[in-house]
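What would the 3D arrangement of this be:
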Amino acid sequence: MFECFHCLMKMVIRDSDFTFEDYGMDDGDGIVHCLHCENCGSRIEYFVPLDGQWDDDVETEAKEEDAH
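Below you'll find the predicted structure:
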């Protein structure tokens with residue numbers, strides 16, 4: 001079980017997992033984990049790219065933010 005980012009209760013339950021393709025994403029290969037909090041009803045989605053496909057994008061965005 002995970003902790004809810006909204007209410008901080010340890011009530012988050014996994015609903016389902018999808019591939020990026022099944023979820024309608026064209027950004028490579030990966031898994032989308034969908035969860036919900038039984039306490040407050042918040043929905044949480046984790047996007048996990050395979051093979052670190054987004055690592056370069058994250059580093060680029062961080063460098064651009066630091067430059068401003």
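
Which parts of the protein are strands?
12-19, 30-37, 43-49 (DSSP state E).

Include mean neighbour count and mean pLDDT when you put those strands into a markdown table, please.
To be clear about C-beta, it is placed using only N, CA and C from the backbone, and glycine gets the same treatment. Converted to a markdown table, these look like this (neighbours: other C-beta atoms under 10 Å; pLDDT from 0 to 100):
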| stretch | mean neighbour count | mean pLDDT |
| --- | --- | --- |
| strand 12-19 | 13 | 84 |
| strand 30-37 | 17 | 89 |
| strand 43-49 | 13 | 86 |
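
Reformat these as TSV; add distance to Cys4.
Below are these laid out as TSV (distance: least, C-beta to C-beta, whole Å):
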stretch	distance to Cys4
strand 12-19	5
strand 30-37	4
strand 43-49	8
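
nearest to Phe5, of those strands?
Smallest distance to Phe5 across the strands of the chain (C-beta to C-beta): 7.0 Å, for strand 43-49.

about what we covered before: for His6, find the nearest of the strands of the chain.
Nearest of these (C-beta to C-beta): strand 30-37, 6.7 Å.

ok, what's across the strand from Ile44?
Following DSSP bridges, Ile44 is listed with bridge partners Leu35.

any idea which residue sits dead centre in this protein?
With distances taken as C-alpha atoms, centre = their mean, Tyr46 lies nearest the centre of the chain, 1.9 Å away.
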